[in-house]
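J.: Quick check, what structure comes out for this input:
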Amino acid sequence: MEEALRAFFSQRSFPLYRLMEYQLGWRDERGSPLETQPPQPRLHAALCLLACEASGGEPREALPCAVAVELAYQFTQVHADIQEGSQSRHHRPTVWWVWGPAQAINAGDGLHALARLCLMGDREDGPGVGHSLQLLQTLDQACLRLCEGMYQEMVFQERVDIAPEAYLRMAREKVGALIGCALGMGALSAGADQTLTERWRAFGEEVGVALQVQEDIQSLWGSPLSGKDLGLDVLNKKKGYPIILAFEQASLPVKRELGTLFFKRVLEPPDVERVRAILDGLGARDKAQAAAADIYNKALADLSLSSAPDYALGMILDVARWLGLRA
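T.: Sure thing, here's the model as predicted:
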């Protein structure tokens, strides 16, 4: 996967691509290649390759899709960092913090364009135009749904009357759509029929919902997979799933206190500690963990892939179990 991703950039020398390669973990803040490059967790790409194998194909058949979905994911991360004002991710300055918001937008948009071009590349041994268009439509629909989810999440930042069901629907769009897309495109690359492809897509979307709940938990009490600083979401007035539960289930005085905190013009680190203390008193962390487990277990029960190769299926389920349960 990493070799295919690097090959896709190998002939692109325009300075804009250095920003993209920085986002991909290959360059430092000066644009120079990193001498030591830690392995990158290409989650969406790996799931795409594994779904291809689990659907009876050779993983190499899904490489264009894996590269495309990875680039699409990176596009969303560049834009999310700008929207959230995140100065760092995975212990590195974000693209916008180094090069400014305007150039970061150019880099993010460029990553999205490259993702689409990757699916339209001409390969003598590749699928026909119709198949490429089907893959492109799958990716575009997922990216559009993801943008809708990001929009809704920003709307929720200004509200305290969010129902848990509405929040989970947002999570399905913001996180689940692209994970479902990765698995679905992997299956399509293997020539899977619509029924099998849909099973993979639906499974990925539910795992994405559980992942969002876990990220909400980790953003308050642990180490987020997203690489953001602990408590940053609360400082940005994001109301993750444990906070949504607290607003729904707490007593009126506690709801008022939470509301007062989130309606402050600017939240500060002591406010994060107070929010965490309120949630601890309500058992919100355990309740959110239970909700993630319910979502994951339902997704697993609905998957029904008895004919899938044990190795690839086992790998996918291991990854999904960690994403949705941290187990």
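J.: Now find how far off-centre the helix or strand containing residue 168 is within its chain.
T.: The secondary structure element spanning residue 168 is helix 164-171 (assigned by DSSP states H and E). Its chain's C-alpha centre lies 15 Å from the corresponding centre of helix 164-171 when counted by Cα atoms, centre = their mean, to the nearest Å.
J.: Help me confirm that residue 168 comes into contact with residue 210.
T.: No. Using Cβ atoms under 8 Å, residue 168 makes no contact with residue 210, being 9.6 Å away. C-beta here means a position set from N, CA and C on the backbone, and glycine is covered the same way.
J.: Who has more neighbours out of those two?
T.: More neighbours surround residue 210 than the other of residue 168 and residue 210, with 28 against 19 (other Cβ atoms under 10 Å).
J.: pLDDT score assigned to the more buried one?
T.: At residue 210, the model reports a pLDDT of 97.
J.: Please report how far it lies from residue 296.
T.: 5 Å (Cβ to Cβ, to the nearest Å).
J.: Give me the common contacts of these two.
T.: Applying Cβ atoms under 8 Å, 6 or more residues apart in numbering, one finds that residue 210 and residue 296 are jointly contacted by 324, 325.
J.: which parts of stretch 316-327 are buried?
T.: For stretch 316-327, burial by neighbour count (16 or more other Cβ atoms under 10 Å) applies to 316, 317, 320, 323, 324, 325, 326.
J.: do the same with stretch 189-209
T.: For stretch 189-209, the neighbour count (16+ other Cβ under 10 Å) marks 189-190, 192, 196-197, 199-209 as buried.
J.: Likewise for stretch 208-221?
T.: Buried positions in stretch 208-221, judged by neighbour count with 16+ other Cβ under 10 Å: 208-220.
J.: got it, and stretch 138-154?
T.: Using 16+ other Cβ under 10 Å as the test for burial, stretch 138-154 gives 138, 139, 140, 142, 143, 145, 146, 149, 150, 152, 153.
J.: Can you convert those into CSV and add a column each for distance to residue 300 and secondary structure?
T.: As requested, the buried residues of stretch 138-154 are exported to CSV (distance: Cβ to Cβ, whole Å; DSSP: H, G, I helix; E, B strand; the rest coil):
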residue, distance to residue 300, secondary structure
138, 23, helix
139, 25, helix
140, 28, helix
142, 22, helix
143, 26, helix
145, 23, helix
146, 23, helix
149, 23, helix
150, 27, helix
152, 26, helix
153, 26, helix
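J.: residue ranges for the strands of this protein, please.
T.: Ranges of strands in the chain, per DSSP state E, are 88-89, 92-93.
J.: among those, which is the most enclosed?
T.: With neighbours defined as mean count of other Cβ atoms under 10 Å, those peak in mean count at strand 88-89, which reaches a mean of 18.
J.: and that strand, which strands flank it?
T.: Paired strands of strand 88-89, with direction, are strand 92-93 (antiparallel) (DSSP bridges).
J.: Hmm, residue 26 is touching residue 33, no?
T.: Yes. With contact defined as Cβ under 8 Å, residue 26 reaches residue 33; the gap is 6.5 Å.
J.: any idea how far residue 76 lies from residue 177?
T.: Using Cβ to Cβ, residue 76 is found at 10 Å from residue 177.
J.: Between those two, which contacts overlap?
T.: Shared contacts of residue 76 and residue 177, defined by Cβ under 8 Å, 6+ apart, comprise 143, 146.
J.: Can you pick out the residue with more neighbours from these two?
T.: Shown here are residue 76 and residue 177; by other Cβ under 10 Å, residue 177 has more neighbours (24 against 20).
J.: For residue 259, see how far away that one is.
T.: Distance from residue 177 to residue 259, by Cβ to Cβ: 31 Å.
J.: Next, the contact list for the closest residue to residue 134 other than its chain neighbours, please.
T.: Nearest residue to residue 134, sequence neighbours excluded (Cβ to Cβ, 6 or more residues apart in numbering): residue 188, at 6.7 Å. Shown in contact with residue 188 (Cβ under 8 Å, 6+ apart): 65, 131, 134, 135, 138, 197.
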